[in-house]
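1. need a structure here:
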Amino acid sequence: MSETEVSTAPRPLSLADGRPAARAWSLDPALRHLNHGSFGAVPLVAQERQQELRARMESAPVVWFPELPRRLAAVRAELAAFLGADPGDLALVPNASAGASVVYAGLERRGGGEIVVTDHGYGAVTMGAERLARRWGGRVRTARVPLDADEERAYEAIMAEVGENTGLVVLDQITSATARRLPVERIGAQARRRGIPLLVDGAHAPGLTAAPLEGLTCDFWTGNLHKWGCVPRGTAALVARGPLRDGLYPLIDSWGAADPYPDRFDQQGTVDATNYLAAPAALDFVDRTWGWPAARRYMDELAGYGARVVGAALTGLTGEDASVDVGMPVPGMRLVRLPDGLADSRLAADALRDRAPAELGVEAAFTSFGGVGYLRLSAHVYNTAEDYEYFAERCVPVLGEWARAAR
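-> Below you'll find the predicted structure:
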């Protein structure tokens, strides 16, 4: 890669008044925030909107809570429009894992039934599938999908685990640890022909992709709006289509339990639902300020730049190519290979994540797949090229020291 290719950086985004985009967030300026993909970041306008709503809730709770289901139904319609979903198919849940848990709890027992997952699956969702398989008296079958597998190879690897005993397929739309897509559209069409329910974990899709449900055939889809959508945390969507959705109930039984899906999810006891109600404020802020298409384009260009700059620094450090061939890449996220000895397991990767803020001055995502450690770069509108240049110059040499110490 030439020096020119490495140095080409997208121009930073700014607010309408010319200030840097990061001024719209309350992120600590003493840290470089390079891991938007894990927990998101909420802009001030949405934080303020949520505080306003909380103040109203606390000022008259007896008025607030009886009105809450009506308010939530209106918000569901707004969020459905953002995702390109039918409002009548969308229920609000705290996160994508909760959406998966709702599905697992709602499926009828299938004696000896098998559940197909992949080795890229999100750990908590896979653990839930394992628990369901035990209740069924069945087992989980894990499809091994190589990191560099293209759509055809990935499709074949997954379908090789699907058989006559398959009672459910669980697939990531965008994988967390490996930042790649899986062929959920092709698998969905095939599963529908065979009468096999499909649950799509779309945790990273809302905001990162324009229309995550377009062209997708599945019984259940769940995705976090608090990641790339930047809405207050604890805000996710569960989209369910077809007759199986009638068996889905919220994790908390309340007075709406007799209501049809998805209305029954709008009433779950005395919970603070201001995160849901404030969600449109964050989505509208990005749309008004830059427009979602421009924001996505910037995030993707910046993530690519970051991977080139950091990858070049790691390659220079180790003498080994740090670039990663991901078979079905996604926008806004990239993988860079870490030096041997770093993040070779999930626990080791999490330990690096926890160490990085204090010792490197960054919030970063370290992941592991197949015994190999990776730095997962993600970018949002508040990030700049300087963030990744800082990591390449200041942090990569320290990672080299950590790797040598680990051997």
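
2. do a quick rundown of the strands in the stretch 151-300 of the chain.
-> Using DSSP state E, counting those that start in this stretch, the strands of the stretch 151-300 of the chain run over 166-172, 198-201, 220-224, 236-240.

3. closest to Pro329 out of the ones you listed?
-> When these are compared by CB to CB, strand 166-172 sits nearest Pro329, at 14.1 Å. All C-beta atoms are positioned from the backbone trio N, CA, C, and that covers glycine.

4. name the spans of the stretch 251-400 of the chain whose pLDDT lies under the cut-off.
-> The stretch 251-400 of the chain contains no residues with pLDDT under 70.

5. now do the helices in it.
-> Using DSSP state H, counting those that start in this stretch, the helices of the stretch 251-400 of the chain run over 274-289, 292-318, 346-360, 385-390, 396-406.

6. coming back round to it: most tightly packed of the strands of the stretch 151-300 of the chain?
-> Ranked by mean neighbour count, the strands of the stretch 151-300 of the chain are led by strand 220-224 with a mean of 29 (mean count of other CB atoms under 10 Å).

7. before we move on, back to that, what's the closest of the strands of the stretch 151-300 of the chain to Arg264?
-> Arg264 lies closest to strand 236-240 among the strands of the stretch 151-300 of the chain, at 11.8 Å (CB to CB).

8. thinking again about what came up before, now the helices of the stretch 251-400 of the chain in TSV, with mean neighbour count and distance to Phe220?
-> Output for the helices of the stretch 251-400 of the chain, formatted as TSV (neighbours: other CB atoms under 10 Å; distance: least, CB to CB, whole Å):
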stretch	mean neighbour count	distance to Phe220
helix 274-289	21	20
helix 292-318	20	25
helix 346-360	16	26
helix 385-390	18	36
helix 396-406	16	39
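
9. how about a markdown table for those, with distance to Leu31 added?
-> Below are those laid out as a markdown table (distance: least, CB to CB, whole Å):
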| stretch | distance to Leu31 |
| --- | --- |
| helix 274-289 | 21 |
| helix 292-318 | 16 |
| helix 346-360 | 6 |
| helix 385-390 | 10 |
| helix 396-406 | 15 |
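
10. which of those helices sits closest to Arg19?
-> That would be helix 274-289 among the helices of the stretch 251-400 of the chain, by CB to CB, at 11.2 Å.

11. domain map for the chain?
-> 3-30+291-406, 46-284 (automatic domain parsing).

12. can I get those domains in CSV with distance to Gly37?
-> As requested, these are exported to CSV (distance: least, CB to CB, whole Å):
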stretch, distance to Gly37
domain 3-30+291-406, 4
domain 46-284, 6
